[in-house]
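A.B. asks: give me a model of this one.
(one chain, ligands or ions: 1)
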Amino acid sequence: MASLRHALIRSFLIKRGPDETTKRLLTLSSALNSELRQKQIDLLSKYPGGCVDLEKNDKTGIAVLTLNNPTKKNALTGSMMIDFEKRVEDLESWEKGRGVIFKGSGNTFCSGADLNVARAVGEGKDSGHPSLMSSFMQNITSRFFNLPLITVALVEGAALGGGAELVTCCDFRVVSSSANIGFVQARMGLSPGWGGGVRLVNLLGRLKALQLLSSASIIKGFEAQEIGLADEIFGEFDDSLETATSFLTNYTKFAPDVIKAMKRVVINASRSDMQSVETLNTKETQIFQSLCGGLANLEALNKKSKF
Ligand SMILES: CC[C@H](C(=O)O)C(=O)SCCNC(=O)CCNC(=O)[C@H](O)C(C)(C)COP(=O)(O)OP(=O)(O)OC[C@H]1O[C@@H](n2cnc3c(N)ncnc32)[C@H](O)[C@@H]1OP(=O)(O)O
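C.D. replies: As a prediction, this is how the structure comes out:
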């Protein structure tokens with residue numbers, strides 16, 4: 001697949017060092033990247049609805065990032081994916097930032113990709129649409145995961161499919177005891193496509209990740225805590241945002257520069273080769289693309305089953 005080859009070539013070039021040929025090839029690579037990005041934006045902007053809101057508090061250094069599509073359980077439309085990228089860009093350059101709470105509106109987290117987008121992407125298999133959506137979301141979730149800020153997912157209600165993958169792109173998870181977290185891609189005849197497979201293995205280890213992905217089981221908040229997918233649990237009568245804020249303040253007491261430095265230390269130490277994650281993600285997309293629009297996927301989409 002072109003983008004896999006492109007990523008592998010780019011990774012080789014960056015490692016090779018700055019000679020003339022490499023510079024010219026990297027310029028070509030950048031041009032290819034911007035062409036890919038335009039194709040992604042053209043595809044995703046066809047699916048409007050909902051928004052992703054960001055409230056930054058310069059005084060406390062804490063921001064709240066909210067997936068806002070309550071009539072669809074915060075399912076991610078194409079325009080929300082583009083919104084998400086803009087909010088991540090804002091956070092990447094937030095000087096007074098210390099931490100981010102990532103939540104959904106209406107006491108639920110996210111029910112994954114909007115099924116209308118998932119269906120359209122599957123039907124556009126031959127035009128490479130699955131890889132365009134997958135690589136776009138992998139890039140944003142990787143950038144969010146590597147923000148120089150301490151991030152916590154506030155998980156209530158449902159976090160299903162891509163929604164469960166978004167749960168993994170935070171440093172920490174504060175989860176309602178009655179929340180439902182499910183990597184339900186297999187029920188859709190799919191595999192993870194938003195970088196959640198790579199992050200889940202890094203977070204829980206190969207065996208627990210394989211159990212969750214291959215069973216497509218939906219676990220409650222307290223079960224998530226037992227396996228290490230939740231760092232704190234709260235009850236239905238607790239104020240969820242207050243709980244997440246109080247949890248986050250344990251890690252955001254010091255000056256923004258110090259917090260950012262600590263996060264950068266951890267990012268660098270946890271990955272010896274920056275390109276390896278890009279290569280792993282690209283291979284995840286290749287697997288996702290191979291299933292998207294396949295028989296199992298189309299049957300599941302036509303059933304529009306609930307979980
Ligand atoms: C790599 C990502 C991957 C991909 O791209 O293929 C995916 O993420 S695929 C999507 C995987 N997620 C799902 O399949 C979840 C589907 N939704 C449900 O199971 C339920 O809606 C649930 C459990 C989230 C909530 O159930 P509840 O009974 O509380 O509410 P409703 O089902 O009545 O939902 C209310 C309202 O929201 C609409 N809805 C919910 N999820 C989605 C979605 N993912 N896409 C589009 N619309 C969604 C649902 O249709 C209802 O709308 P209404 O007009 O009232 O019928």
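A.B. asks: only C-alpha atoms for contact and neighbour calcs from this point on.
C.D. replies: Noted.
A.B. asks: just how off-centre is stretch 227-247 within its chain?
C.D. replies: 20 Å (CA atoms, centre = their mean, to the nearest Å).
A.B. asks: who touches it?
C.D. replies: 101, 152, 154, 172-178, 203-204, 208, 221-222, 224-225 (CA atoms under 8 Å, 6 or more residues apart in numbering).
A.B. asks: close to the ligand: what parts of the stretch 51-200 of the chain are there?
C.D. replies: Residues of the stretch 51-200 of the chain found near the ligand (CA under 6 Å from any ligand atom) are 71-73, 75, 111-115, 118, 158, 160-162, 192-194.
A.B. asks: list only those of the contacts of stretch 227-247 flagged as buried.
C.D. replies: By neighbour count, with 16 or more other CA atoms under 10 Å, the contacts of stretch 227-247 hold 101, 152, 154, 172-178, 203, 221-222, 224-225 as buried.
A.B. asks: wait, what's in contact with Thr77?
C.D. replies: 44, 47-50, 113-114, 117 are the contacts of Thr77 under CA under 8 Å, 6+ apart.
A.B. asks: if we ignore the residues flanking it in sequence, what's nearest it?
C.D. replies: Excluding the flanking residues, the one nearest Thr77 by CA to CA, 6 or more residues apart in numbering is Asp114, at 5.2 Å.
A.B. asks: next, that neighbour: phi, psi?
C.D. replies: phi -60, psi 130 (degrees, to the nearest 10).
A.B. asks: what's the answer for Phe109, then?
C.D. replies: According to degrees, to the nearest 10, Phe109 has phi -90, psi -80.
A.B. asks: right, and it touches Lys103 too?
C.D. replies: Yes - between Phe109 and Lys103 there is a contact at 5.8 Å, judged by CA atoms under 8 Å.
A.B. asks: ok, those two, which is more surrounded?
C.D. replies: Phe109 (33 against 28; other CA atoms under 10 Å).
A.B. asks: how about the contacts made by the more buried one?
C.D. replies: Neighbours of Phe109 in contact, by CA under 8 Å, 6+ apart: 67, 73-74, 103, 154-159, 163.
A.B. asks: state the distance from the residue lying closest to Glu92 once chain neighbours are set aside to the ligand.
C.D. replies: Counting by CA to CA, 6+ apart, Leu147 is the residue found nearest to Glu92 once chain neighbours are left out, at 6.0 Å. Leu147 sits 22 Å away from the ligand, going by CA to the nearest ligand atom, to the nearest Å.
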